[in-house]
Every structure is written in C-alpha cells, then in structure tokens.
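**Student:** here you go, sequence then predicted model.
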Number of protein chains: 2
Amino acid sequence: MILDLSADGVALTEALVDIESVSLDEESIADAVEAALREIGHLEVTRIGNSLVARTMLGRGERVVIAGHLDTVPVNGNLPCRNDGTFLHGLGTCDMKGGVAVALRLAAGVSEPNRDVTYVFYECEEIEAVHNGLRKIAEGRPDLVEADFAILMEPSDAIVEAGCQGTLRIDVRTRGERAHSARSWKGVNAIHGAAEVLRRLNEYDARRPVIDGLEYHEGLNAVWISGGVAGNVLPDEAVVTVNYRFAPDRSEAEALDHVREVFDGFEVTLTDSAPGALPGLDVPAAKAFVESVGGEVKPKFGWTDVARFSGLGIPAVNFGPGDPSLAHKQEEHVPISQIVRCEQVLRNWLGA
Amino acid sequence: MILDLSADGVALTEALVDIESVSLDEESIADAVEAALREIGHLEVTRIGNSLVARTMLGRGERVVIAGHLDTVPVNGNLPCRNDGTFLHGLGTCDMKGGVAVALRLAAGVSEPNRDVTYVFYECEEIEAVHNGLRKIAEGRPDLVEADFAILMEPSDAIVEAGCQGTLRIDVRTRGERAHSARSWKGVNAIHGAAEVLRRLNEYDARRPVIDGLEYHEGLNAVWISGGVAGNVLPDEAVVTVNYRFAPDRSEAEALDHVREVFDGFEVTLTDSAPGALPGLDVPAAKAFVESVGGEVKPKFGWTDVARFSGLGIPAVNFGPGDPSLAHKQEEHVPISQIVRCEQVLRNWLGA
C-alpha cells in the first residue's frame, strides 16, 4: 500500500481507513505511514514498534507536537470507507484517521514551518495503557517528544477542546451468605444488598466546576453489575463496577478518596485510574494556537492522551475533525468540511 | 456391577454412590438396578429409558408408589463414598441414594406387603423437566404409576415433609439509553434503574400461610443480576432474575400475577415455573402413613417431584434419609441412623 500524501486530505483519509488497523494489528498501517514519511526530505523519522515520530529540525525557538493514533476499535461491519459527498463513513473515519490524514498532509506539505514540529503517529491508544505507543515513546525515548505544546488530533468537531477529565473505575462489592432460595431466610442476599449502592448512585449530585473559564461536567455511573450463583441459590456476592469521570481540578488520589466516601461502608477496590489534564491555556504556545483558530475553546469531557502530555509537562489540547460522541459507534463518520478546515487552520498556524 | 440387595442398607448406599450417575449419564446405574430387580420373583419390572418401574401384583385394595431418582448433580471432588461410622459422605449420599437403597431393600425384602407397591427408580431429576424420567413414565405409561398415595424418598431428615412450595423465575428488565460515560448526562443508566427493583425486593414481606396445620414460608429473591456494555458506556439494559418460592395455596398463574404486581411498571418475563403441591394429608393412605411414622409432619419448602404426583391426582409426601439443606453441596452426607430408621418405618408400614 502506497499512501499519496500529495492527494487531498479526504482521499488520504479514505486510504487510511481502508487499511484495517485494529489495536495490536497495526503493522500494515505503520509500514505504509513509515514509507510515506521516509520519502519526505525535511523530516527525521524514527520508528518504535508500530509507532512513528517524524521531526523537522530547523532550530526554531519553539517546538510543537502534532499527534494521532493509528489504531481503531474492532471492526463492526463498517469497512471499507464510504464517501457520500458530505461525510466519510466507516471505522476510524472519526476516531481518528481524519486527524491522522491532516497531520500527514502537514508533514509532507509544510516544509518550513514557523515552529519546529514533531509528528507522532502511534499504536494502541484504544486498549490498555500498557500497549500505548505514545507511552512507550515517552518512556523509551523522552527526547523524541520534548516540546512546548502539543495538539492531539482526536475528534473535537474541529474546535479546540482543552484539558480532559480524569477517569477511575472501582468495584463496589456487597457480601451475603448463600442459602437455597426455597429457604431464603437462612441466608443473606448480596444482590439485595446492592440496592443501597444503586440508591447512592441515583442520588449523586455531579460537580460542574469552572476551570480557566471552561465548565467541566463530572459523572458517577455504574457500568457493570453482576451477581448470582445458580437459579435456586441466594448469592453471597454482588459487584457494581462504577466509573467516575472527574474534572481536572481533582487528582487521582482525591478522586479515589471521594468515591470511597460516597460508598462508605462498602468494600471498594480500585481497578483502573487515569488523571485528568488542566486546560493549561495560559501557556504562550497554547494561547497563540487558540487565537489562530478564532478563540473558541470547549472543555474536553472524555479522557484522551492529552493527559499523558500534561503528565510530561507539555500543555496540550484536542483539535481534530469529527464529532467525539460518534467515536466507537458502528455508524461513525466525519464531515469532509472539518477535515478541510483542520488542515487549513493548522497550515495557517504553522505559517505555510 | 452386581448390587447385593440382601446386604444392609448402608452397604447398598455405598455401592450405589460409587456408581457415578450424573444426570444424562445414568445407564450404568440403571443397568445395575434393573439386573437386581429382575432377580426378584415377586415383582413385575419395566424399563423406560434409564428409569425402572417394579410392581407387586398382589391384588391388594390399595396401591402406593415408593420413588427415588438415580441421578446426581455433577461430581465435585466428592467420590467415592466414605463411611466414618456415623455418616456416609459423598455425592448422592444425601440426594438421594440413601433413599434409593432403602427402596431397593424393601423391593427385595418385603415380598407380601399389606398394600401393593410400585417402586420407581428414575433418571434426570436434577436437570430440565424435559429429561425427567418420572415425567416420561407418567406421560408414556400412566398405568404404571397409578396409585392411591406416593412416597418420594427425597432427603427430609427421616421426617414426613408434606406438600411442596412452587417455584417460578422471572426476568425483571430495566431499559436505558447508551452514552459514553464521560458524557453521562446524554444517556439513561439502566443499572441505576434497577435500584427500584432491588428496593422492592428488600421491602418485600414474605407470606407464611398455614395449610393443613403446616406453616409454609415463601421467599422472593434475586438470584442473578447483570448489566453492562463496556467500561466506558452507560448500559441500556439491566436484568434482575427473581425466584419466587410460593406456598401451595397459590397456583402458578396466581403466583405470576402476584410478582407482576410486585414489579408493576417494569418489564417482566416468565422464564421458568413449576406448581407447588398441597399437603393432601386428609387422604386415608396419607393419614395412615403419617400415623405409622409417629405423627410428626413438616412442610416441604423446596420443590420436589411430589408436585408431579400431585398433578397426577396422587397425594404424595417426601420421606427419606438426609438433611435436605445438604443436597447439592460438596460436603453432602447422610446419617447412617436415618437410613436404618427409614427402612424400619417403611417395613412396619408395609406390614413386614
């Protein structure tokens, strides 16, 4: 597969979508992207696993990262790509090969940007963090991602979405005592005990803190519930898995303390946690970028790798084509106009 | 395998336990029981599948059934049989090879009972009713189980347990609307909706009706709960599987009406149902049996095939060695003294 970076961004998105690249199966797409990048004279290219870093080395006073992941969630009868003239439809159109196409077009087409650019195309964003390509680069070759500012091309409707909310998952466990359901007074039903857990979830009042002028919106939700031994047995255990999405003014530790307090009296086990990222819009590079896109900024509710940049001390925002609420949906699609707009905005910002 | 019916009931129980006979795998035990029955001159023997019917044909004025199932729940590291001098331990000791041994001893040893006896040894009691050997005999050869009264040798601590409670299972379903958990206000969480289902279960006041002087005890319990799509998605469905154990003064239809009323406003689907059986202690044959065991009678809380006899118009009771609450447990066991007692009581009753 040879990618034509001189074609327009829409055709390039279609070509990328048609290279199937479910997480952990990204070798083909990484090969294609690598081959295309190595053709570009003004970039220094490094491959790590199925991730690629391509840098301009112009000695500018400022360096920015433009990043996107190459993987998608599993195929769901939504390949190949379909172009209806207004939207591209198909797996990865929205999350996030439209953004990857824009970044590749900039990499090839903007040979003398006004700030040095580090393009990062990475693997395994959609699965457990241990596989995440950006994490691997940052840990193995931190020099490759040093920068003053980062733009993550996650879908954001071509508007700057700043910061991101953190996320943690806990198992809230209730205990009981088994008994035959024909003699239920001899046992204690752990599922019935979960009533109080669900009651607290229903009564929970989610915070909506304003940070740097942006209103975040927290949420506390059961995402799984399970319990049961047999059709004639009172269960001795039930588990409610709760996902807390917390605004970036709370640390992971504070968020965990909070949910432990909400479920006081129950057995709470942390199973997963990732920090939020503050908007960081007071940094000069971020300010300049927001100005160049017209000043509109929204808060990012979902968790993205923006938090990973934030953890490296690099302020970062989300800015990419596509409606974020379509990500991971069977019917995901991206407006062609947003692919065009994102490329145009970034070209201008890079002084091309 | 040759069963020695002249050995004592304890040795015979041990021999039966050591013939593995998990439901649907009862050919060996049925072969052994058939061979032993065919040696007995005073019985007319019929085999249907892996079930056996053996009848005295003495022309007595009354006929009684003495029945037990040959199958067990799956092996759970609890074979072979172990005799510690007080108890027999192992799969099927309690449920219900002790009872089967007693019935086989009576079949061989009581050649001229004062009432005609139909011994039934049947397959597949522990699994779906479609496989149940007693059901197959009753439907295919109803003449073989015609009787005035039936004793089912299910474990009952060697005390008469009369009637049985009915059982039904329903799925109570809540619906919602999926959304990403980072933007939870865009959806409706179906697990949170199950709080009200669990609240009603917690507040439920179970009936304890007295029928023929016996106090039954109902129960309404969640036996399973499930819901969840992904760790970052608000689930659009949750299901609470509820088991209602109802006293035999309620029909299956009345029981279903009742639970529909309890869960009014929710989607309720019936998944399983079996009727209870009234004690039926006013029938002469039943009265005579209760008198011969000393008059003590308790209500049966669990469902047994007593209800099947009841459905055929044959009053029936449970009477067998073993603590019913040990049935299906890894550590099931049976007191040797109860095997001896049950055989003695029944011998006396049959005039031997």
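**Tutor:** Everything's here; your move.

**Student:** residue A:223: what secondary structure?
**Tutor:** Classification of residue A:223 using DSSP: H, G, I helix; E, B strand; the rest coil returns strand.

**Student:** leaving out chain neighbours, which residue sits closest to it?
**Tutor:** For residue A:223, the nearest residue in space outside its immediate sequence neighbours is residue A:243; the separation is 4.8 Å by CB to CB, 6 or more residues apart in numbering or on different chains. From N, CA and C alone the C-beta is placed, and that goes for glycine too.

**Student:** beta partners of the one you found?
**Tutor:** Residue A:243 has these beta-bridge partners by DSSP bridges: residue A:169, residue A:221.

**Student:** that one reaches residue B:233, doesn't it?
**Tutor:** No. Under the criterion of CB atoms under 8 Å, residue A:243 is not in contact with residue B:233, lying 9.0 Å apart.

**Student:** can you map out the strands along the stretch 101-250 of chain A?
**Tutor:** In chain order, the stretch 101-250 of chain A shows strands spanning A:116-122, A:149-152, A:160-162, A:166-175, A:179-180, A:210-211, A:214-215, A:219-228, A:233-234, A:237-246, with DSSP state E, counting those that start in this stretch as the criterion.

**Student:** can you convert those strands into CSV and add a column each for distance to residue A:334, mean neighbour count and mean pLDDT?
**Tutor:** Compiled in CSV, these are given as follows (distance: least, CB to CB, whole Å; neighbours: other CB atoms under 10 Å in any protein chain shown; pLDDT from 0 to 100):
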stretch, distance to residue A:334, mean neighbour count, mean pLDDT
strand A:116-122, 18, 24, 98
strand A:149-152, 16, 27, 96
strand A:160-162, 16, 25, 95
strand A:166-175, 24, 21, 97
strand A:179-180, 55, 21, 88
strand A:210-211, 29, 14, 94
strand A:214-215, 24, 15, 95
strand A:219-228, 26, 23, 98
strand A:233-234, 50, 24, 91
strand A:237-246, 24, 24, 98
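
**Student:** coming back round to it: who touches both of residue A:243 and residue B:233?
**Tutor:** Residues touching both residue A:243 and residue B:233 by CB atoms under 8 Å, 6 or more residues apart in numbering or on different chains: A:223, B:181.

**Student:** report the contact partners of the most centrally placed residue in chain A.
**Tutor:** Most central in chain A under CA atoms, centre = their mean is residue A:304, positioned 3.0 Å from the mean C-alpha point. Residues counted as contacts of residue A:304 (CB under 8 Å, 6+ apart) are A:152, A:154, A:164, A:318.

**Student:** same check on residue A:247?
**Tutor:** Under the criterion of CB under 8 Å, 6+ apart, the contact list for residue A:247 reads A:165-166, A:207-209, A:211, A:216-218, A:276.

**Student:** list the contacts of the residue nearest to residue A:105 when sequence neighbours are not counted.
**Tutor:** On the basis of CB to CB, 6+ apart, the spatially nearest residue to residue A:105 that is not a chain neighbour turns out to be residue A:9, at 5.1 Å. Applying CB under 8 Å, 6+ apart to residue A:9 gives the contacts A:98, A:101-102, A:105, A:339-340, A:343.

**Student:** and what of residue A:351?
**Tutor:** If you count contacts by CB under 8 Å, 6+ apart, residue A:351 has them with A:113-115.

**Student:** before we move on, back to that, how close does the residue nearest to residue A:105 get to residue A:99?
**Tutor:** 10 Å (CB to CB, to the nearest Å).

**Student:** was I right about residue A:330 contacting residue A:74?
**Tutor:** No. In this structure residue A:330 lies outside contact range of residue A:74 using CB under 8 Å: 10.6 Å.

**Student:** secondary structure class for residue A:13?
**Tutor:** helix.

**Student:** closest to chain B among the contacts of residue A:9?
**Tutor:** In terms of CB to the nearest CB, no member of the contacts of residue A:9 lies closer to chain B than residue A:98, at 18.8 Å.

**Student:** name the SS class of that closest one, please.
**Tutor:** What three-state DSSP gives for residue A:98 is helix.

**Student:** give me the neighbour count for it.
**Tutor:** Here the number of neighbours of residue A:98 (other CB atoms under 10 Å in any protein chain shown) works out to 33.

**Student:** what about it, distance to residue A:323?
**Tutor:** With distances defined as CB to CB, the gap from residue A:98 to residue A:323 amounts to 11 Å.

**Student:** same question, residue A:180
**Tutor:** Distance from residue A:180 to residue A:323, counting by CB to CB: 52 Å.

**Student:** ok, residue A:28 next?
**Tutor:** In terms of CB to CB, residue A:28 sits 27 Å off from residue A:323.

**Student:** between these two, which has more neighbouring residues?
**Tutor:** When residue A:28 is set against residue A:323 and neighbours are counted by other CB under 10 Å, the residue ahead is residue A:323, at 18 against 14.

**Student:** check contacts around the residue nearest to the more buried one when sequence neighbours are not counted.
**Tutor:** Counting by CB to CB, 6+ apart, residue A:157 is the residue found nearest to residue A:323 once chain neighbours are left out, at 5.6 Å. Applying CB under 8 Å, 6+ apart, we find residue A:157 in contact with A:321-324, A:338.

**Student:** and the furthest pair within those residues?
**Tutor:** A:324 and A:338 (11.8 Å; CB to CB).

**Student:** which residue ranges of chain A form helices?
**Tutor:** Counting by DSSP state H, chain A has helices at residues A:9-17, A:27-38, A:98-109, A:133-140, A:190-193, A:195-203, A:252-262, A:284-292, A:306-311, A:336-349.

**Student:** and the longest one with helix A:9-17, angle?
**Tutor:** With axes from the mean of the first three to the mean of the last three CA atoms, to 10 degrees as the basis, helix A:336-349 and helix A:9-17 are set at 110 degrees to each other.

**Student:** could you dump helix A:336-349 to PDB, C-alpha only?
**Tutor:** Written as PDB, here are the backbone C-alpha positions of helix A:336-349 (Å, rounded to 0.1, in the frame of the first residue of the first chain):
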ATOM      1  CA  ILE A 336     -15.500  16.300   4.900                       C
ATOM      2  CA  SER A 337     -15.600  20.000   5.600                       C
ATOM      3  CA  GLN A 338     -14.000  19.500   9.000                       C
ATOM      4  CA  ILE A 339     -11.100  17.600   7.500                       C
ATOM      5  CA  VAL A 340     -10.500  20.500   5.200                       C
ATOM      6  CA  ARG A 341     -10.900  23.100   8.000                       C
ATOM      7  CA  CYS A 342      -8.500  21.400  10.300                       C
ATOM      8  CA  GLU A 343      -5.800  21.200   7.700                       C
ATOM      9  CA  GLN A 344      -6.300  24.900   6.700                       C
ATOM     10  CA  VAL A 345      -6.200  26.100  10.400                       C
ATOM     11  CA  LEU A 346      -3.000  24.200  11.100                       C
ATOM     12  CA  ARG A 347      -1.300  25.300   7.900                       C
ATOM     13  CA  ASN A 348      -2.100  28.900   8.800                       C
ATOM     14  CA  TRP A 349      -0.800  28.500  12.300                       C
END
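
**Student:** show me what contacts the residue nearest to residue A:223?
**Tutor:** Contact criterion CB under 8 Å, 6+ apart gives A:167-169, A:219-223, B:181, B:231-232 as the residues in contact with residue A:243.

**Student:** got it, and residue A:346?
**Tutor:** By CB under 8 Å, 6+ apart, the contact list for residue A:346 reads A:66, A:102, A:106, A:151.

**Student:** so the second one sits against residue A:154, correct?
**Tutor:** No. At 11.9 Å, residue A:102 and residue A:154 do not qualify as touching, with contact defined as CB under 8 Å.

**Student:** many thanks, I have nothing further to ask.
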